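**Q** Generate coordinates for the sequence data below:
(one chain, ligands or ions: 1)
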Amino acid sequence: MHRQALIVGGGIGGLCAAICLRLTGWDVQVFEQAPEITEIGAGLQISPNGVKILEHIGVMERLEPAVFEPEAIEIRMGVSGRPILYLPMKGVAAQRWGARYLQVHRADLITALSARLDALQPGAMQTGCPVRGYAPCKDGAEVILANGRRIQADLVIGADGIHSRIRHQMLGPDAPRFTGNYAWRALVPAVQLGALAPPPSGCIWAGPKKHAVTTYVRGGLSSILWVLSSKGLGARKAGSALEIGQMPWRISTAGPRPSWRYSHRQRRCTNAPSLTGPHCQKGRTAM
Ligand SMILES: Cc1cc2nc3c(=O)[nH]c(=O)nc-3n(C[C@H](O)[C@H](O)[C@H](O)COP(=O)(O)OP(=O)(O)OC[C@H]3O[C@@H](n4cnc5c(N)ncnc54)[C@H](O)[C@@H]3O)c2cc1C
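**A** Alright, predicted model coming up:
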């Protein structure tokens, strides 16, 4: 009988974990709270080490039609456009690191990961399925859904993002810290920008307490991400970023936990004082 893993969260991390486990013979179930996979996000940069993994787990062939291979990684001055750094990537990354440096729309990556998982194990991801927490049990651990249903398995993995309930339950309160920065994203057909279209690179446009990142996705859409500190927000309220109509993301960070460890049934975490509670000594839960 296959070993069974329950994964909380169907983002990039949860889906990759599910595919990897499935490829090594596990039965997997992913619980995603969102009712459906929607077009969230904009351009993502995938570095060669990430591309290698996606190739290895059989996702690249699905993703290939959606990727853009940029010429370079650049840093420029935000206002003047003066180049500060130029690292050639196209043709170079594959030679140097064994895989390309790519750009893709986040939604296309999630779609390719979900499709790959579904091909490996149909119906493995359940959307509209918020998880309330987990509990250790005799032969493993169980996930407790928001509707009260309990599902048992050999392993529970928390991949539920920066506001993770699983991490909170396992390691105690850990409110993510607001960095003071907000981000907006927009997709603009590059042809409409004419001479102002960003270069075909992954370009950081640097400015005081703010920066923008431009990438290309979906055969000619320029993806623009602005990051502004909250101090610069007032001055920007009438600016183009808000006219695009996107709600800003608050950029938060959760610092490393000094006692971040996996726990295993009946194993004492002697070097991790905060992991000696009942949830950590019994049941298998990983983060
Ligand atoms: C502005 C910005 C730009 C970025 N650009 C890049 C980039 O260019 N390249 C790159 O590699 N990375 C980039 N990152 C980082 C990258 O987006 C994250 O590292 C990645 O999305 C984390 O994935 P995750 O699956 O761990 O978490 P998330 O993407 O947060 O996914 C967690 C999932 O869990 C679900 N969930 C949460 N709670 C529950 C619950 N209780 N029950 C069920 N489901 C739940 C959520 O709905 C979500 O789908 C960027 C991040 C930001 C903020």
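**Q** Which residue comes closest to whichever residue of the chain sits closest to the ligand once chain neighbours are left out?
**A** Going by CB to the nearest ligand atom, the ligand is nearest to Gly11 of the chain, at 2.2 Å. Using the backbone N, CA and C atoms, a C-beta is placed for each residue, glycine as well. Leaving aside its chain neighbours, Gly11 sits nearest to Gly161 (6.1 Å; criterion: CB to CB, 6 or more residues apart in numbering).
**Q** Test for you: state the pLDDT assigned to that neighbour.
**A** What the model reports for Gly161 is a pLDDT of 92.
**Q** which element is it on?
**A** For Gly161, there is no helix or strand it lies in under DSSP states H and E.
**Q** burial measure for the residue of the chain closest to the ligand, as a count.
**A** For Gly11, the count of nearby residues is 17 (other CB atoms under 10 Å).
**Q** The one 3 residues further on now?
**A** As a burial measure, Gly14 scores 24 neighbours (other CB under 10 Å).
**Q** Pull the contacting residues for it.
**A** 7-8, 30, 32, 157, 159-160 (CB atoms under 8 Å, 6 or more residues apart in numbering).
**Q** and the stretch 51-200 of the chain, which residues reach the ligand?
**A** Residues of the stretch 51-200 of the chain found near the ligand (CB under 6 Å from any ligand atom) are 130-131, 159-161, 165, 183.
**Q** which among the residues you listed gets closest to His2?
**A** Ala159 (19.7 Å; CB to CB).
**Q** what's the distance between the residue nearest to that closest one when sequence neighbours are not counted and Gln103?
**A** Excluding its sequence neighbours, the residue lying closest to Ala159 (CB to CB, 6+ apart) is Gly14, at 3.4 Å. Using CB to CB, to the nearest Å, one gets 22 Å for the distance from Gly14 to Gln103.
**Q** could you point out the longest strand in the protein?
**A** If you go by DSSP state E, the chain has its longest strand at strand 177-189.
**Q** What residues of the helix or strand that that one is followed by count as buried?
**A** Next along the chain after strand 177-189, taking DSSP H and E as the criterion, comes helix 190-193. Using 16 or more other CB atoms under 10 Å as the burial criterion, the residues of helix 190-193 that qualify are Ala190.
**Q** Does Ile162 touch Ser252 like I think?
**A** Yes - using CB atoms under 8 Å, Ile162 is in contact with Ser252, at 5.9 Å.
**Q** joint contacts of those two?
**A** The contact lists of Ile162 and Ser252 share Pro176, where a contact means CB under 8 Å, 6+ apart.
**Q** Between the two, point out the one with more neighbours.
**A** Neighbour totals were compared for Ile162 and Ser252, and Ser252 leads with 14 against 11 (other CB under 10 Å).
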